[in-house]
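[1] task: produce atomic coordinates for the following.
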Amino acid sequence: MWTEWFRIGTIPEIAHCPTATTIPLETDLSSEHKEMVHKIIDDYIDQRGVIRFQKNVIKELKSGEKDLYWFRQKFSLLDKIYSDDDYWETFTIDSNGNSIKSLRFFQLSLFLINHFREQAFKKN
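    Numbering: from 1, shown residues only. Next up is the predicted model:
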């Protein structure tokens with residue numbers, strides 16, 4: 001389709017910018033954790049820009065190069081309470097004493113990527 005538009009010299013105009021729909025995420029993450037993720041996004045983009053955030057954070061989260069420890073490091077830089085080993089032990093164990101590290105990583109990653117998507121497509 002694109003090649004045809006280029007061949008005839010007619011490229012359709014976009015009537016309006018795409019908008020993101022806010023998707024409520026059911027999670028047991030506290031509002032403090034969500035706020036920390038917001039700060040990670042804001043600080044990173046302010047310092048390095050959107051393109052580097054996509055390349056160095058989102059891409060590496062998806063590929064597995066970044067893990068739960070990366071979130072711990074980022075949280076700890078913003079507030080020293082998150083550097084406590086006991087805090088992270090409690091945060092990554094469910095009420096039955098089972099490890100939920102993978103679940104926590106998934107929740108934090110999903111929340112980060114979803115919030116970034118909402119910010120990228122919000123109306124100015």
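[2] who's in contact with the lengthiest helix in the chain?
    With DSSP state H applied, the helix covering the greatest number of residues in the chain is identified as helix 101-120. The contact list for helix 101-120 (CB atoms under 8 Å, 6 or more residues apart in numbering) reads 20, 22-23, 25, 27, 29, 33-34, 37-38, 40-41, 50, 53, 57-58, 61, 67-68, 71, 91-92. In this view, the C-beta of every residue, glycine as well, is placed from N, C-alpha and C.
[3] quick one: distance of it to the chain centre.
    4 Å (CA atoms, centre = their mean, to the nearest Å).
[4] and it, what's buried?
    Neighbour counts using 16 or more other CB atoms under 10 Å place R104, F105, Q107, L108, S109, F111, L112, I113, N114, H115, F116 of helix 101-120 among the buried residues.
[5] state the distance from the most centrally placed residue in the chain to D84.
    By CA atoms, centre = their mean, the mean C-alpha position of the chain lies nearest to L112, the distance being 1.8 Å. Between L112 and D84 the distance is 22 Å, computed by CB to CB, to the nearest Å.
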